[in-house]
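coordinates for the following, if possible.
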Amino acid sequence: MRAHRGPRSFLIGLQLILAMLWLPALPLSAAQSSASTVEFPVWRRSWVGNLGSKQVEVALNRSADSLSGSYCYQPCRAETRRQLVLSGQMRGEGAVLTERDSGNGAADTGTWRIESFDNGITGTWTSPNGKRELPLALSPNQDDLEERFPYEIRLLADALPEEEGAGCPTPPLVSAIRLYKDGALIQTLETESQGTCSIFTPDLIDANFDGWPDLSLAMFLPAGPNIPHQTWLYDVATGRFVDAPAGLQDISSAEFDPVHRVVYSYWRASCCEHGVSTYRWTDGDLEEIDSQSSYLLPLMSGTERRSCYIMPSYIDGNIEFASRVEQVSDGSLKLRQIDPKSCDIDSGAHYERTYIDIWQPSQNGQKSTLLRTEEIAWKQTETSKGQRFCPEVPFFDSGRIKRVVLSENPDMCRELSPRQE
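Numbering: from 1, shown residues only. This is a model prediction of the structure:
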């Protein structure tokens, strides 16, 4: 027997049907609450001055209320520049930082109590046992682009960044850079950036060498070293930032040499090919001026065959191969910055990108000159599988080039001459 449905049940059923018909017509933003966003300040700054009677250089990064950085005693050396590590939190107009020695098991070596960052750093350093106290008196580093940047930078993200610690947290997704001056919002730069383990923060650079700070932000961290960036150039006429031209946006991990006014980029095309490209500004965009990639240099040490991986470098405005073969005045050859023992044993598996560039050393400050290139040739020879075209490889051997036909492995050889393929 079917149950009787009264007026109340009918009305409830009608409401449910209407609701089901109405909900799909709603926009997504009305059907679900919009994701919350937060805004927080970020900066990178450096200072020079005194910790007690010692002169020091200090560099700090701020992300929300977290601070991290390092300092060194002048004259700072590369091996000690980041040995003394600082980390802590903002406290009102100042901060409290813990100092650790990364070269000594990350042991705590002191506490910084910064009273103010206004026009420098003032405060005190205290020893771990609290018995020793030294004054801090640091001035802004005038070479720091941040000191010439007229805006406060804040990031708009879907969450606050987590404090640094053990593990690898998922950093927040940054959707915009906001620029403030005297508390007023001046400009919003839309973006989409998410780091790995830690948040990416904007870099201040002079990308077009006009003396004005520009902005750049990494987008994500790929498997390889070619990190994509989004960059904005400062327009002096309008006082606002504009998208950098495609020529710069398309360059991954761009670096900037203001002395030679060159933009350069180290890149990787595969596991076994690395290179450097250089660019100059021409008519408001970047134009490639040179690009060089790695190669394999074959050499012999006695009866042992080795293969040296040679990579280019950017040096003083040019791309150079610091490790190379040079021809000296008597016509003989020598290795420059190549230790044969550091090269891999030649397995004979393949000879792609294998050759020997022979250079004339630089003289009187002039750029070194490429004299010639010794390349692989293919020679018809008898193998265990019959007539084949096998590689004749040029090897550097005790100051000369020794060409050797490698026929012991027929799989390296070809049935047809490369000219016929």
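
ok, residues contacting the strand or helix carrying residue 154?
Here residue 154 sits within strand 152-157, counting by DSSP states H and E. Strand 152-157 is contacted from outside by 37-43, 172-181, 188, 199, 201-202, using C-beta atoms under 8 Å, 6 or more residues apart in numbering. All C-beta atoms are positioned from the backbone trio N, CA, C, and that covers glycine.

do the same with stretch 191-202
By C-beta under 8 Å, 6+ apart, stretch 191-202 touches 42, 44, 61, 63, 153, 155, 157, 161, 164, 168-169, 171-177, 215-221, 230.

and residue 1, what pLDDT?
Listed pLDDT for residue 1 reads 35.

returning to that earlier point: in strands, which of the contacts of stretch 191-202 appear?
Using DSSP state E, the subset of the contacts of stretch 191-202 located in strands is 42, 44, 61, 63, 153, 155, 157, 174-177, 215-218, 230.

go through those and name the one nearest residue 83.
residue 61 (17.0 Å; C-beta to C-beta).

touching, that closest one and residue 41? I think so.
No - contact criterion C-beta atoms under 8 Å: residue 61 and residue 41 do not qualify, at 11.4 Å.

so residue 409 touches residue 348, yeah?
Yes - here residue 409 reaches residue 348: they are 5.5 Å apart, a contact under C-beta under 8 Å.

tell me the SS of the nearest residue to residue 253 once chain neighbours are set aside?
Distances taken as C-beta to C-beta, 6 or more residues apart in numbering place residue 227 nearest to residue 253, at 4.9 Å, with adjacent residues excluded. Per DSSP: H, G, I helix; E, B strand; the rest coil, the secondary structure class of residue 227 is coil.

show the model's pLDDT score for residue 227.
You'll see residue 227 listed with a pLDDT of 88.

please report the distance of it from residue 338.
Per C-beta to C-beta, to the nearest Å, residue 227 is found 30 Å from residue 338.

neighbour count for the two, which is higher?
When residue 227 and residue 338 are compared for neighbours, residue 338 comes out ahead with 18 against 14, by other C-beta atoms under 10 Å.

contacting residues for the more buried one?
Residues near residue 338 by C-beta under 8 Å, 6+ apart: 297, 299, 308, 310, 323-325.

name the element the residue nearest to residue 177 when sequence neighbours are not counted belongs to?
Counting by C-beta to C-beta, 6+ apart, residue 177 lies nearest to residue 189, which is 4.3 Å off, once chain neighbours are set aside. Using DSSP H and E, the element containing residue 189 is strand 184-193.

and whichever helix or strand comes after that strand, how far from the chain's centre?
Going down the chain from strand 184-193, the next helix or strand is strand 203-205, by DSSP H and E. How far strand 203-205 lies from its chain's middle: 13 Å, per C-alpha atoms, centre = their mean, to the nearest Å.

can you check stretch 148-164 too?
Relative to the chain's own centre, stretch 148-164 is displaced by 20 Å; criterion: C-alpha atoms, centre = their mean.

which stretches of the stretch 201-350 of the chain form helices?
Secondary structure of the stretch 201-350 of the chain (DSSP state H, counting those that start in this stretch): helices located at 246-249.

pLDDT weak spots in it?
223-225, 349 (pLDDT under 70).

which one (most neighbours) among the ones in strands among the contacts of stretch 191-202?
residue 155 (26 neighbours).

can you count the residues close to residue 120?
Residue 120 has 14 neighbouring residues, counting by other C-beta under 10 Å.

that one against residue 137, yeah?
Yes - if you go by C-beta under 8 Å, residue 120 and residue 137 touch, sitting 7.4 Å apart.

ok, now which ones touch the nearest residue to residue 258 once chain neighbours are set aside?
Counting by C-beta to C-beta, 6+ apart, residue 258 lies nearest to residue 209, which is 5.4 Å off, once chain neighbours are set aside. Residue 209 is in contact with 256, 258, 261, 281, counting by C-beta under 8 Å, 6+ apart.

switch the cut-off to 10 Å
By C-beta atoms under 10 Å, 6 or more residues apart in numbering, the contact list for residue 209 reads 256-263, 280-281.

for residue 310, same thing?
Residue 310 touches 274, 293-297, 321-325, 337-338, 343, 353, 355-357, counting by C-beta under 10 Å, 6+ apart.

next: residue 356.
Going by C-beta under 10 Å, 6+ apart, residue 356 touches 295-299, 308, 310, 324-325, 333, 372-376, 393-396, 401.

could you check how far it is from residue 292?
To residue 292, residue 356 is 15 Å away according to C-beta to C-beta.

okay, now the domains of the chain?
With domains defined by automatic domain parsing, the chain comprises 42-146, 205-254+263-278, 294-412.

for residue 347, give me phi and psi.
Per-residue torsions, residue 347: phi -80, psi -20 (degrees, to the nearest 10).

count of residues packed around it?
9.

how much space between it and residue 306?
The gap separating residue 347 from residue 306 is 10 Å, by C-beta to C-beta.

over to residue 123?
From residue 123 over to residue 306 (counting by C-beta to C-beta), the distance is 57 Å.

and for residue 216?
Distance from residue 216 to residue 306, by C-beta to C-beta: 41 Å.
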